[in-house]
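Colleague: what follows is a predicted structure for the sequence shown.
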2 protein chains.
Amino acid sequence: MDLVSEKFAKLGCDNAPGQEINQKEETLPLIGDKLEGRRVDFSHGDVDAHPPIPGSLEAFNEGFAEGGVQAYTEYKGRKAIRDDLAAKLAAFTGAPVDPANLIVTPGTQCALFLAMGATVGRGDKVAIVEPDYFANRKLVEFFDGELVPIYMDFEKGEKEGKAGLDLAALEEGFKQGVKVFLFSNPNNPTGVIYSAEEVAAIASLAKKYGVTVIADQLYSRQVFDGRPYTHLRAQKEVPENLITILGPSKTESMSGFRLGVAFGSPVIVTRMEKLQAIVSLRASGYNQAVLKNWFAEPEGWLADRIAQHQQIRDDLLAVLRSCPGVYARTTEAGSYLFVTMPELKVSPEDFVKILRKQADVIVTPGTEFGPQFTNSFRINFSQDHDAAVAAIRRTVELIERYRK
Amino acid sequence: MDLVSEKFAKLGCDNAPGQEINQKEETLPLIGDKLEGRRVDFSHGDVDAHPPIPGSLEAFNEGFAEGGVQAYTEYKGRKAIRDDLAAKLAAFTGAPVDPANLIVTPGTQCALFLAMGATVGRGDKVAIVEPDYFANRKLVEFFDGELVPIYMDFEKGEKEGKAGLDLAALEEGFKQGVKVFLFSNPNNPTGVIYSAEEVAAIASLAKKYGVTVIADQLYSRQVFDGRPYTHLRAQKEVPENLITILGPSKTESMSGFRLGVAFGSPVIVTRMEKLQAIVSLRASGYNQAVLKNWFAEPEGWLADRIAQHQQIRDDLLAVLRSCPGVYARTTEAGSYLFVTMPELKVSPEDFVKILRKQADVIVTPGTEFGPQFTNSFRINFSQDHDAAVAAIRRTVELIERYRK
């Protein structure tokens, strides 16, 4: 097998959200009948239940009407749009943003890809968190980096009022030559926020050891229970090379527009633009126009959205916690719950498929977030409230049915 | 310098179309005064002069109204859209297309990136044509391939009724272990179509030597003077691994939507989808909806567009050919003219900058298409007719002014 074949043999996406359509029908060890109820796809948010920012379509139409100047922007995004974003993101993150060092990308996924492509070379050590966003591991492998996984004990962390990242292991990794540290905050899949102390420690360790940090803060606007959220880039000590990634795809339900932003170190942003030039030229020109409404939503819109999601979270957690042996840490930000199941008569992989077949419930297997999370699954609870509660009731009923 | 720094030191985009804004002001060896006239940016087409397919905005709005099903498609694109495209592209290219082996990408640039990423590994030999699309060379370098340039003598080819590709050199390259051959047809920047014999020869050589072919046919609908266009994928002998790339960004002026398609070998398309999953997930969901109008334009729309561009081509060529020492092969398809200049008192790089400063005319330097094309530039003549003619008159006036 040649190098490219090897690489792609490792790279899979059939378990990724929205890709289940590609999975083959299999004979599953089914018990009992199907549970009726409206199908819920927990692999991603439901933008019909929680629609995009008001005025998005109008802003797109205005962009289209502008014609060529909006169709053909600079590769890193139209200057007026970057100027506007820079001011808003500086206010949100608590530290200045230079529009020259900000790039608009086709979704935060592309921001991650470009940031990793701009910093990770063959054999470079890259620290990632386990569990964390499933693409992080794949990106390291695609760019021929060497994975240095750092465990986050989110269950223990819950009791101690922190995320639970093993900071000693992180420092040890840095000492051993880690070049890049990539992590999401709030953490995907657990919905955990890193404490102020953890963020400060990550920042100063990275500075001390000269490690590049890529901070994926995709869900950082949707914070529950009035918790504090700490922006790494606003710390006293920050690493010399730092890229912060945000986008309107989640809380704001704008995924269908494919827009993200990355900002930070000039050297890295310049490389990201060079790479974007050969990856996809730019984020769709007309789509960029909708960014004017981001961080400029109608009064009360964000607070409402947060309140609705907090209610869904609470009601799902009540159902899940009625089931002995199920554990899920309370989501602190974002729309994810990472659910640990009790021992079952079937393999966890089969159970995920059984859930789809017998309950019309689609979840993402825990192993997408780290190889050790075999008995977990992630749900995105940005769904219709009643449909989600009913779907989680069916899920719990099947856990009971298949319990060992 | 580490591996990543080395790679990005080579990768530039400041001379790429639309990026001139990043170039620093310099002291240029100017002669005489500025020529007044409307600014023309020949680095890309003018979508205000030649607007997108009628109904594009409406189709986008319908896609948005569909909500979640259109926002979150499979990574390779929504199935109904792929089914429709496959039928239309089969009819256009003259050979069956399986929708399962077709991927919708964020622009043809991303189709190229994914196809190259799916086939080129460290040290693999990749044959490219000189001159050809400037990103081809950069893609080979980014994926750590080894460039095997094959010269196309388009001036000699014009006299012989063919593109002028050095087929002997191509076969020699294949013998020496070339793994992938990437080329555009019509050729970018010359607007030359490969003859039926050349296409057949490329196909059978690639089959014989087991070379993967990536055929970028972006501009293949806009053919002038009723010339025949030969689709490589419809040949009797085709290589086992073949990817054909098309998109509505050029002739159809849809670049602001960032849409492209690639189709062909199942193994490569599967890899491209895996790669797209970590690059940008999918082409913007709502944007995919506009593809329904592609290859289904109103009666006569494409013929009109071709006729308009043929007229612009003829009028620009008449002006250019009035200037002794200027050579440009007549465009056979697409909207490019590749202009060779006589010897000037200033360097060709300076002349391109002088053109911008003294004539408000933006062109793309020839060296973007191959290091040897120092005294050439490319123009995209998909512009307002009168503005383009006036701009080329100013260009010729400056060539006279700076002539040695």
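Modeller: Thanks, I have the structure now.
Colleague: quick one: residue A:312 and residue A:44, what's the gap?
Modeller: 15 Å (Cβ to Cβ, to the nearest Å). C-beta coordinates here come from the backbone N, C-alpha and C atoms, glycine included.
Colleague: show the pLDDT at residue A:3.
Modeller: Residue A:3 carries a pLDDT value of 83.
Colleague: for it, give me phi and psi.
Modeller: phi -60, psi -40 (degrees, to the nearest 10).
Colleague: also residue A:400?
Modeller: Here is the backbone geometry of residue A:400 (degrees, to the nearest 10): phi -60, psi -40.
Colleague: how many other residues sit next to the residue in the stretch 51-200 of chain A that chain B sits nearest to?
Modeller: Nearest residue of the stretch 51-200 of chain A to chain B (Cβ to the nearest Cβ) works out as residue A:71 at 3.1 Å. If you count neighbours by other Cβ atoms under 10 Å in any protein chain shown, residue A:71 ends up with 27.
Colleague: might one say that it is in contact with residue B:249?
Modeller: No: between residue A:71 and residue B:249 there is no contact under Cβ atoms under 8 Å: 9.3 Å.
Colleague: need the residues touching each of these two.
Modeller: Listed as contacting both residue A:71 and residue B:249 by Cβ atoms under 8 Å, 6 or more residues apart in numbering or on different chains are residue B:255.
Colleague: apart from its chain neighbours, what residue comes closest to the residue of the stretch 51-200 of chain A closest to chain B?
Modeller: Excluding the flanking residues, the one nearest residue A:71 by Cβ to Cβ, 6 or more residues apart in numbering or on different chains is residue B:256, at 3.1 Å.
Colleague: so in chain A, where's the weakest helix or strand by average pLDDT?
Modeller: Using mean pLDDT, DSSP states H and E, helix A:3-10 stands out as the lowest-scoring helix or strand of chain A, at a mean of 87.
Colleague: give the next helix or strand downstream of that helix.
Modeller: Proceeding N to C from helix A:3-10, the next assigned helix or strand is strand A:40-41, under DSSP states H and E.
Colleague: could you list the residues in contact with that next one?
Modeller: Under the criterion Cβ under 8 Å, 6+ apart, residues A:18, A:46, A:360, A:361, A:362, A:383, A:384, A:387, A:388, A:390, A:391 lie in contact with strand A:40-41.
Colleague: now with 10 Å?
Modeller: For strand A:40-41, contacts defined as Cβ atoms under 10 Å, 6 or more residues apart in numbering or on different chains pick out A:17-18, A:20, A:46, A:356, A:359-363, A:379-381, A:383-384, A:387-392, A:394-395, B:68, B:72.
Colleague: circling back: mind exporting the least confident helix or strand of chain A as CSV, just the C-alpha atoms?
Modeller: Output of helix A:3-10 as CSV, limited to C-alpha atoms (Å, rounded to 0.1, in the frame of the first residue of the first chain):
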residue,chain,number,x,y,z
LEU,A,3,1.5,6.4,1.4
VAL,A,4,-1.7,8.0,0.2
SER,A,5,-3.6,4.7,0.4
GLU,A,6,-2.4,4.2,3.9
LYS,A,7,-3.5,7.6,4.9
PHE,A,8,-7.0,7.2,3.5
ALA,A,9,-7.4,3.8,4.9
LYS,A,10,-7.2,5.4,8.3
